[in-house]
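Chemist: sequence and predicted structure, then a few things I'm wondering about:
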Amino acid sequence: MTLRSVIRGSGSALPARAVANAEMADLVDTTDEWIVERTGIRNRYLAGEGETTSSLASEAAAMALEAAGFSGDSIDLIIVATASPDQTFPAVATIVQNAIGCRGTIAFDVAAVCSGFLYALGTADALLKTGAAKRALVIGAETMSRLLDWEDRTTCVLFGDGAGAMVLEATEVDANDPAAPGILATRLHADGAYNELLYVDGGPSTTGTVGKLRMKGREVFRHAVVNLAAVLEEVLDATGHSAAEIDWVVPHQANARILDATARKLGLPAEKVIVTVDRHANTSAASVPLAFDTAVRDGRIKPGQLVMFEAMGGGFTWGASLVRL
Ligand code: UT7
């Protein structure tokens with residue numbers, strides 16, 4: 001028998017206010033046509049007063065706990081992936097911990113921007129397998145709208161706010177059984193030589209301000225397709241699975257064209273790729289668990305299926321994870 005991290009439930013949350021492309025065209029020199037053609041985005045949700053990264057994360061966490069049938073106080077590890085915490089510290093994970101009625105257990109944030117959820121998932125998996133924890137809440141949550149320069153049309157039309165959560169449980173399975181559930185392999189990478197292509201121009205130790213997001217989109221795009229295709233192959237090699245066996249790819253939702261190009265490189269039909277970028281835009285660390293929960297709740301993703309998660313973002317950071325549900 002082998003100890004694996006099994007996904008027991010998921011949840012997600014969006015701010016109340018939906019903002020269509022037409023409304024963005026009132027703010028900056030853009031059009032619905034440009035945004036749809038270049039990105040696939042039609043809509044995003046933007047946090048209003050009282051909506052924060054921790055409030056969205058806590059709502060998603062409560063939904064995931066309900067789906068799993070677990071109480072908040074049965075969770076002994078909470079990891080929140082975010083680039084837009086409520087405050088510089090404490091960690092959003094500790095705010096979520098308090099909100100779900102859980103005390104004294106491990107709770108921390110990870111900062112890997114759009115790949116943050118993959119980093120959080122890989123870290124939770126490693127801790128669950130060592131026995132350091134039994135039940136983990138892994139969350140991606142962002143209020144990216146608060147890091148955007150609302151006069152920069154090249155970035156402000158691309159991002160949205162939201163949260164997604166998964167509950168994982170360390171479970172003994174028969175690893176020789178191909179139907180045995182759990183995380184099969186995760187691979188994570190970073191290359192800090194590319195910091196300046198996607199960053200925030202402020203922070204506590206430099207400007208003393210929060211700063212605004214800056215991106216050289218075209219260059220990020222180029223690296224994204226290459227890095228994602230490579231890490232997907234790496235995870236397939238590590239697990240002995242072929243691309244044809246994958247039931248669903250749940251990618252980071254940055255741009256519909258990146259999703260198409262990556263699927264093509266792997267030889268995967270577009271029907272196997274979960275796409276929510278049209279509705280949610282790029283929600284950074286929230287996008288993978290938000291897309292996953294959306295597709296679980298609309299009945300596309302089902303128990304027993306083989307699902308690939310993948311993401312690439314600022315740092316650069318990138319990663320992928322293959323999971324049997
Ligand atoms: O989540 C983390 C990872 N992030 C990503 O993966 C993002 C990757 N990059 C992208 O998704 C795309 O590069 C963008 C969507 C950001 C941009 O698309 P693009 O096809 O690479 O466009 P571009 O940056 O090459 O810009 C083309 C033109 C430019 O005009 P000129 O120089 O050709 O006259 C831009 O000024 O489009 C212009 N433009 C816009 N026009 C209308 C840029 N933003 C806008 C806009 N509305 N909002």
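Modeler: Yes, it's here.
Chemist: next, count neighbours for the residue of the stretch 151-300 of the chain found nearest the ligand.
Modeler: Nearest residue of the stretch 151-300 of the chain to the ligand: Gly217, at 2.6 Å (C-beta to the nearest ligand atom). Just so you know, the C-beta spots here come from the backbone N, C-alpha and C atoms, and that holds for glycine as well. Look at Gly217: counted by other C-beta atoms under 10 Å, it has 16 neighbours.
Chemist: list the contacts of it.
Modeler: 154-155, 158 (C-beta atoms under 8 Å, 6 or more residues apart in numbering).
Chemist: and it, what's its pLDDT?
Modeler: Predicted confidence (pLDDT) for Gly217: 96.
Chemist: tabulate the contacts of Gly217 (CSV), appending distance to Ala170.
Modeler: Below are these laid out as CSV (distance: C-beta to C-beta, whole Å):
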residue, distance to Ala170
Thr154, 44
Thr155, 40
Leu158, 37
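Chemist: and those residues, which of them are buried?
Modeler: Taking 16 or more other C-beta atoms under 10 Å as the criterion, what is buried in the contacts of Gly217 is 155, 158.
Chemist: which helices and strands does the lowest-mean-pLDDT helix or strand in the chain pack with?
Modeler: The weakest-scoring helix or strand in the chain, judged by mean pLDDT, DSSP states H and E, is helix 256-266 (a mean of 91). Secondary-structure packing of helix 256-266 (3 or more C-beta pairs under 8 Å, 6 or more residues apart in numbering; DSSP states H and E): helix 32-39, helix 217-239, strand 248-251, helix 277-280.
Chemist: how about it: buried residues?
Modeler: Counting neighbours by 16+ other C-beta under 10 Å, one finds that the buried residues in helix 256-266 are 256-259, 261-263, 265-266.
Chemist: what is the nearest of these to Lys212?
Modeler: Ile258 (22.8 Å; C-beta to C-beta).
Chemist: residues of the protein that sit close to the ligand?
Modeler: Applying C-beta under 6 Å from any ligand atom, one finds that the chain approaches the ligand through 30, 34, 38-39, 114, 153-154, 157-158, 217-218, 220-221, 224, 254-255, 258, 282, 312-313.
Chemist: circling back: give me whichever of the helices and strands packed on helix 256-266 is most buried.
Modeler: Mean neighbour count (mean count of other C-beta atoms under 10 Å) peaks for strand 248-251 among these, with a mean of 26.
Chemist: check the offset of that one from the chain's centre.
Modeler: Relative to its chain's centre, strand 248-251 lies at 11 Å (C-alpha atoms, centre = their mean, to the nearest Å).
Chemist: what does that strand rub up against?
Modeler: Counting by C-beta under 8 Å, 6+ apart, 228, 258-259, 262-263, 266, 268, 272-274, 288, 291-292, 295, 300-301, 305-311 sit against strand 248-251.
Chemist: keep only those of those that are in strands.
Modeler: Counted as lying in strands by DSSP state E, out of the contacts of strand 248-251, are 306-311.
Chemist: of all these, which comes closest to the ligand?
Modeler: Nearest to the ligand among these, with distances taken as C-beta to the nearest ligand atom, is Ala311, at 8.0 Å.
Chemist: quick one on the thing from earlier: using TSV, lay out the helices and strands packed on helix 256-266 together with distance to Gly140.
Modeler: Listed next are the helices and strands packed on helix 256-266 as TSV, based on distance: least, C-beta to C-beta, whole Å:
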stretch	distance to Gly140
helix 32-39	20
helix 217-239	17
strand 248-251	12
helix 277-280	12
